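Student: Sequence first, then the predicted structure, then my questions.
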Amino acid sequence: SRRQLSDSLQERLPAPEFESPTGSVFPPPAGRRVYCNRNLRLDQVKAVGFDMDYTLAIYRQAEMDRLSIDATVRKLVERGYSDDLLSMQYRTDFPIRGLLIDRKLGNVLKMDRYRYVKRAYHGFRKLSREERRHAYHTRRLRPGTGRYHWVDTLYSLSEVAVYAAVVDHVDTHGGSVDYGQLFSDIRECADLSHQDGSILDPVLQDLPRYVERDPELGVLFHKLRSAGKRVFLLTNSGPDYTDAMMSYLVGDALEEYPSWRNYFDYVFAASKKPGFFTGKAPFIDLETRAETRSPERGRVYTGGNIAAFEKALGYAGDEVLYVGDHIYGDVLRAKKESTWRTAMIIQEMDDELRVHREHAVSFERSAALEQMRAAVQDQLREQQARLKRVERKLVEPESGSKKASWEAKRVLHRRSIDRLRAQLKDLDAERQVLDDALDQAFHPFWGSVFKAGTEVSSFGNQVEQYAGIYTSRATNLAQYSPMHYFQSPRHRMPHE
């Protein structure tokens, strides 16, 4: 049978002997943990697949952004944009994932899970609450239309940095620009820069500068294979780039694996995700250039589709776990078009966890202020209710003999109300200062990537919806047994 053949092929490579560098400490420290939205039993997972870029290859974001910005801006100038763009200052620290580009008004937005715009910038100018309300809260915002563009990958951050800088430059120095056309041009120039080698060639020429090499990758793959799981690579990067990158990442990780390809049962490059999950494209063998609907183990293919792959793999649905970084191309489509289990790699978690650790006292104080405010608000409502009862007594005809007493009570209640309102004002002011400082600790423009104010952000909501598990890097999976049972926290509704 196919599965018996698969098992015999798996046995061709002897299992190496090694001592795991991860140790046996459990649970792992916060930065090495895998976080769970939906229960996942790894003992029931028969195959584990990985994206490459920003999943196995952890890019040094600031270096990549500078490289991408330079390449994109040069192409914009070649298209007729002002030479001023070449000498402008671009803020690589401006964008984060989970933003929304408004191509009509030239704004960059951050929403909560309910599509309420919590922050917005035009260039680098922060919009006031009234400006946000007028632009986005008088009618339902529809992110899926052509007017808006999601920023859901680290790859796209450089495009936002260029867009905001050019919008800001135009507003500051006068002139006009079609915001929608500007963003389309930026995206096209960025894509061309990847296609013509303007970005990828410098990366390959100096991989240590642009890519962090994780020494535990080989251990992770071996651990999965030793547990009898099929391991595959599914990436949109071209085969030559994939070969160079994977050779750098794991080519000499474990001496028992002479080539990076020995770690994987299947390798699919230039897979054209999300089309891989939605289309019916054939697989093209890299060596023979022949098309096939039945990919074989040990070979490298381009293109392909999920249905044919599952048939060749011998496993389907929730027997497969796919690990990627891209909400739309990797996680969302794998979730919507199949029943594959999903793991999301979120590099930003290192910074998020650091802020929570370093500012734990401030978070506790903010929570305490919220409870104090609720208590004071309850007292205020009670005093207001008592004041209304007293005022009703004062207008009743029979209250004449006790009018002085009722007047005294009204004065007392009003004083209490004024005192409670002053307390609320002080509590709100302290909490606002504290929350602003915490937002600054996360990010100078946008705050936490997972939160928008006190609500979950649109990005955080997508992580909760589509990522079964999530973590900061793929090798955190090696901290757990290949048979581990990930259990999500018990969800409680407000009435519980």
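Tutor: Happy to help now that I have it.
Student: The longest helix along the chain: how far from the chain's middle?
Tutor: With DSSP state H applied, the helix covering the greatest number of residues in the chain is identified as helix 403-442. Here helix 403-442 shows a centroid-to-chain-centroid distance of 38 Å under the convention CA atoms, centre = their mean, to the nearest Å.
Student: Quick one: list the elements packing against it.
Tutor: Under the contact definition 3 or more CB pairs under 8 Å, 6 or more residues apart in numbering; DSSP states H and E, helix 403-442 sits against helix 349-358, helix 360-394. C-beta coordinates here come from the backbone N, C-alpha and C atoms, glycine included.
Student: any low-confidence regions in the stretch 1-150 of the chain?
Tutor: Low-confidence segments of the stretch 1-150 of the chain, defined by pLDDT under 70, are located at 1-25.
Student: Helices along that one, start to end?
Tutor: Under the criterion DSSP state H, counting those that start in this stretch, helices of the stretch 1-150 of the chain are mapped to 2-10, 61-78, 84-87, 129-136.
Student: With mean neighbour count as new columns, can those be given to me in TSV?
Tutor: Formatted as TSV, the entries for the helices of the stretch 1-150 of the chain read as follows, by neighbours: other CB atoms under 10 Å:
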stretch	mean neighbour count
helix 2-10	12
helix 61-78	19
helix 84-87	12
helix 129-136	14
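Student: hey, where'd the strands end up in the stretch 1-150 of the chain?
Tutor: Under the criterion DSSP state E, counting those that start in this stretch, the stretch 1-150 of the chain contains strands at 35-36, 40-41, 47-50, 58-59, 99-102, 107-111, 117-122, 125-126, 148-151.
Student: So for residue 279, which of those sits nearest?
Tutor: When those are compared by CB to CB, strand 47-50 sits nearest residue 279, at 17.3 Å.
Student: what are the pairing partners of that closest one, and which direction each?
Tutor: Paired strands of strand 47-50, with direction, are strand 230-234 (parallel), strand 320-324 (parallel) (DSSP bridges).
Student: out of those strands, which comes closest to residue 78?
Tutor: Residue 78 sits nearest to strand 320-324 of all the strands paired with strand 47-50, at 33.4 Å, using CB to CB.
Student: Which positions within the helix or strand just after that closest one qualify as buried?
Tutor: Heading C-terminal from strand 320-324, the first helix or strand you meet, by DSSP states H and E, is helix 333-336. Of the residues in helix 333-336, those with enough neighbours to count as buried (16 or more other CB atoms under 10 Å) are 333-335.
Student: Give me the contact list for helix 333-336.
Tutor: 273-274, 277-278, 322, 324, 340, 342, 466 (CB atoms under 8 Å, 6 or more residues apart in numbering).
Student: Tell me the helix or strand right after that helix.
Tutor: strand 341-345.
Student: quick revisit: filter the contacts of helix 333-336 to the buried ones?
Tutor: 273-274, 277, 322, 324, 340, 342, 466.
Student: Adding pLDDT and distance to residue 304 as columns, could you present these in a markdown table?
Tutor: Putting the buried ones among the contacts of helix 333-336 into a markdown table (pLDDT from 0 to 100; distance: CB to CB, whole Å) gives the following:
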| residue | pLDDT | distance to residue 304 |
| --- | --- | --- |
| 273 | 90 | 10 |
| 274 | 88 | 13 |
| 277 | 90 | 10 |
| 322 | 95 | 14 |
| 324 | 93 | 16 |
| 340 | 92 | 15 |
| 342 | 92 | 19 |
| 466 | 89 | 22 |
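Student: Including distance to residue 62, could those go into a markdown table?
Tutor: Listed next are the buried ones among the contacts of helix 333-336 as a markdown table, based on distance: CB to CB, whole Å:
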| residue | distance to residue 62 |
| --- | --- |
| 273 | 26 |
| 274 | 28 |
| 277 | 32 |
| 322 | 28 |
| 324 | 22 |
| 340 | 33 |
| 342 | 28 |
| 466 | 28 |
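Student: ok, residue 166 touching residue 85?
Tutor: Yes - under the criterion of CB atoms under 8 Å, residue 166 lies in contact with residue 85, with a separation of 6.7 Å.
Student: Let me see the backbone angles for the residue nearest to residue 238 when sequence neighbours are not counted.
Tutor: Once its chain neighbours are removed from consideration, residue 238 has its nearest residue in residue 270; the separation is 5.2 Å (CB to CB, 6 or more residues apart in numbering). Geometry field for residue 270 lists phi and psi as phi 40, psi 50, criterion degrees, to the nearest 10.
Student: neighbours of residue 270, just the number please.
Tutor: Residues within reach of residue 270, counting by other CB atoms under 10 Å, total 20.
Student: Next, work out how far apart the nearest residue to residue 292 once chain neighbours are set aside and residue 192 are.
Tutor: The spatial neighbour of residue 292 that comes closest, neighbours along the chain excluded (CB to CB, 6+ apart), is residue 283 at 5.2 Å. Noted for residue 283: a distance of 27 Å to residue 192, by CB to CB, to the nearest Å.
Student: between these two, who's got more neighbours?
Tutor: A count of neighbours by other CB under 10 Å puts residue 283 above the other of residue 283 and residue 192, at 25 against 15.
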